[in-house]
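Peer 1: would you be able to build a 3D model of this:
(chains A and B)
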There are 2 protein chains.
Amino acid sequence: VESYASEAEYIRALELRSALPAGFRCAVRPLTFQPRERTVPAPLPMNLSLVLMDRPTPDFGAVFTRNQFPGAPVIMGRQRLDQPAVRGILVNTKISNVGTPGGVEDASALLGTLAALLDAQPGEFFPSSTGIIGWSLPVAAMAAELPALVGGLQGGTILPLARGIMTTDSFPKVRRAAVGAGSIVGVAKGAGMIEPNMATMLCFLLTDLVVPRAELRAHLAWCVDRTLNRMTVDSDQSTSDTAIILSSGARGPAEPAAFRAGLLSVLEGLALDIVRNAEGAGHAVRVNVQGAPDEAAALGVARAVANSPLVKTAVFGNDPNVGRILCAVGDWMGNNGLVLDRSRLQVTLGGEQIFRAGAFCLDAAREDRLNAYLKERAFESKRRAFPAHDRTVDVDISLGGPSGPVAVLGTDLSYEYVRENADYRS
Amino acid sequence: VESYASEAEYIRALELRSALPAGFRCAVRPLTFQPRERTVPAPLPMNLSLVLMDRPTPDFGAVFTRNQFPGAPVIMGRQRLDQPAVRGILVNTKISNVGTPGGVEDASALLGTLAALLDAQPGEFFPSSTGIIGWSLPVAAMAAELPALVGGLQGGTILPLARGIMTTDSFPKVRRAAVGAGSIVGVAKGAGMIEPNMATMLCFLLTDLVVPRAELRAHLAWCVDRTLNRMTVDSDQSTSDTAIILSSGARGPAEPAAFRAGLLSVLEGLALDIVRNAEGAGHAVRVNVQGAPDEAAALGVARAVANSPLVKTAVFGNDPNVGRILCAVGDWMGNNGLVLDRSRLQVTLGGEQIFRAGAFCLDAAREDRLNAYLKERAFESKRRAFPAHDRTVDVDISLGGPSGPVAVLGTDLSYEYVRENADYRS
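Peer 2: Here you go, the predicted model:
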């Protein structure tokens, strides 16, 4: 568990883990533009970021949102998976390029300009966009910035990229694992949708270890399934969610188990960062479920508890309303055709037993301890430039059946969440 | 669409539809008690209500929550369905009798006392409870009140019962349909969970039409599935949700189609009342979906949109963030293995086209109209003693496939919701 007393302290901790792996450079450029679709009082700001490899690699992979209304970058990114090799990623904020006529053509035009500057092919780059759904990319303004973006490419640190892709995140997110002679470094931007139609989790993972394409993709799918796919803020999966991994291979081979463990730890850390920085969040919540009929049921129960507005508001109020946890468990199971054996059900909150042997075990002293626990796990819900600590509210649910443990990360539900999402422009 | 300018006007409208069907009486008594599980500064209030038929009827039915953590009244109510005949319902507020040791024994003891007073059998009564999960019924205090409850039985109006079963509801809910020579009258208490672990939707339907048991139960299941099962406030189905129907047959037979239509209209009205009185609600939202692969998918999409916190907060802010609707549709479909054909997708909000022919059709003028529409559909989110009007925010989603239209009722998500559910006792 890490704690940070100030933004400076957090950034120092990030700097220690922000060294770019060998074979990568990156750059960020701000620009402004006038959107086509709405009259705005002043030009809107956008960040354009580039990740570039010293040479194309065949060893890359990506996973995308399962949302059936994906943006142009997701549609194009899926096609990139068949490319023999790629060289980098072009990322923009402010407009997600989702649902507009000509979205694929717009992104293709930008990648064409970029490729010409770098003597590469457009198909060697992943496009990646986050922001407003339904608006078109300002292609001319973005293309005009590309020479300066390429000119600003630097090695050394990934921290500028972690900052460049931020939208409504209040702090940058970087995690690193040292593996063998090399490393895996990842950055992410946050879950949560604040501005009108703002969406998207983006995650970029860079490694200088040699991991062949098929193996790399298997590791990525396995690790994402256990981390980014097990966090929930809005219970919505956005139209643009993307995780991309690129391997330069500049530092030689990695032991497969060690690589997977390293990648898992990077993604676990980023998932925690994202949940902790979700809009309005005042607690991060980890729901652990075991003993379901199978893993899918365990995940269903965990998600149901993590997404329950009643559980979330109770956590926000530091109120150990443990009946709501049981209600969410029973609701999901009953509505998914499963039988709950309450004689075998055990539930703890912060390690305190709250239900066992078929009945609640509550008393005033226990409730006071639970209240103190929730307070101790809280952080300020006012968004600030660093996370206060890594602590989570832990709910443990054991259903008495065969399945092993799974964990889902969520948040509380606060005034701040409503305020940030209601958009008082009206 | 009805509108009410004051509580008095609303109550006058209720009085016009509150005539008890022939063959029924009801009574309500308040009492206070000290809970066993927690020290409270003053005794807590509870209402005890009774519905009694002039004679036992074989023609009754009930549907219960699918929650796998049901309360003692639900467990006992399911057993009552096999009884040859029943005579009434005993209802209490404040404690839901869920998850406590001895819950069934407590309710049985009360029904035993009641039956002795009425020269009946305990099995002839449905127990029904709403309130705190995990606490035990104050059996002695409740039993002491039963003679006065029986002594207060009256015919005439169902309005006292509609008031007596209220917990966090701010206004009573009564709907009526005249069918043939008789009527169907229903009361309900609200969706939403405000006090610690407070839960439950309860609905009691009384008719003096002759409808044989099997037919009555088929009508009830069919109508509840299209009304009470298609509303959502918290996305949680409580541990106690119950709808009971009793037929006295005092006014003779009913034409089956007319009876079903009447029952459906009563339940449609109660569902709308419940959603409109959900805690913190400032808009009622009706999501209509057609053209899905099948009805289950249509309901899944409709529920996903109605439950999306991002859609709900946008409606609260009168902000036509229509990208969020599309995001919720695509999320649910993609995560349930379905393909979205966006070329056939059409979406309207308040009748305004927002997506068609594969792309959004948005402009500043349309957005202004949508904003005005959302404002016009709003009611005060401060809970008051009557609903201002019956208007809903209508979202229409057509997916281009074969399924017919389904509708799900939901609410917005407001500060008030968070405040009422966070319980600032800590």
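
Peer 1: C-terminal to the longest helix seen in chain A, what's the next element?
Peer 2: The longest helix of chain A (DSSP state H) is helix A:256-276. Following helix A:256-276 in sequence order, the next helix or strand is strand A:284-290 (DSSP states H and E).

Peer 1: what residues sit buried inside the next helix-or-strand element following that following strand?
Peer 2: Next along the chain after strand A:284-290, taking DSSP H and E as the criterion, comes helix A:295-307. Using 16 or more other Cβ atoms under 10 Å in any protein chain shown as the test for burial, helix A:295-307 gives A:297, A:298, A:299, A:300, A:301, A:302, A:303, A:304, A:305, A:306, A:307. Where you see a C-beta, it was placed from the backbone N, CA and C, and this is true even at glycine.

Peer 1: as a markdown table, these with distance to chain B and pLDDT would be great.
Peer 2: Shown next, in a markdown table, are the buried residues of helix A:295-307 (distance: Cβ to the nearest Cβ, whole Å; pLDDT from 0 to 100):
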| residue | distance to chain B | pLDDT |
| --- | --- | --- |
| A:297 | 12 | 96 |
| A:298 | 15 | 97 |
| A:299 | 12 | 94 |
| A:300 | 12 | 94 |
| A:301 | 10 | 96 |
| A:302 | 15 | 95 |
| A:303 | 11 | 92 |
| A:304 | 9 | 92 |
| A:305 | 10 | 94 |
| A:306 | 12 | 93 |
| A:307 | 7 | 88 |
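
Peer 1: could these go into TSV alongside distance to residue A:201?
Peer 2: Below are the buried residues of helix A:295-307 laid out as TSV (distance: Cβ to Cβ, whole Å):
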residue	distance to residue A:201
A:297	25
A:298	23
A:299	18
A:300	21
A:301	23
A:302	19
A:303	16
A:304	21
A:305	21
A:306	16
A:307	16
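
Peer 1: beta-bridge partners for residue A:206, please?
Peer 2: Beta-bridge pairing for residue A:206 (DSSP bridges): residue A:185, residue A:246.

Peer 1: report pLDDT for it.
Peer 2: pLDDT recorded at residue A:206 is 98.

Peer 1: need the contact list for it.
Peer 2: A:20, A:21, A:24, A:51, A:158, A:184, A:185, A:186, A:245, A:246, A:248 (Cβ atoms under 8 Å, 6 or more residues apart in numbering or on different chains).

Peer 1: distance of it relative to residue A:248?
Peer 2: Distance, residue A:206 to residue A:248, using Cβ to Cβ, to the nearest Å: 8 Å.

Peer 1: mutual contacts of those two, please.
Peer 2: Taking Cβ under 8 Å, 6+ apart as the criterion, residue A:206 and residue A:248 both touch A:21, A:24.

Peer 1: which one of the contacts of residue A:206 is nearest chain B?
Peer 2: Distance to chain B across those (Cβ to the nearest Cβ) is lowest for residue A:245, with 21.7 Å.

Peer 1: what about stretch A:378-392, average pLDDT?
Peer 2: Averaging pLDDT along stretch A:378-392 gives 84.

Peer 1: make that stretch A:221-229, sorry
Peer 2: When pLDDT is averaged over stretch A:221-229, the result is 93.

Peer 1: go on, stretch A:4-11?
Peer 2: The model assigns stretch A:4-11 a mean pLDDT of 93.

Peer 1: buried sites along that stretch?
Peer 2: Using 16+ other Cβ under 10 Å as the test for burial, stretch A:4-11 gives A:4, A:10, A:11.

Peer 1: quick check: phi and psi on residue A:351?
Peer 2: phi 90, psi -10 (degrees, to the nearest 10).
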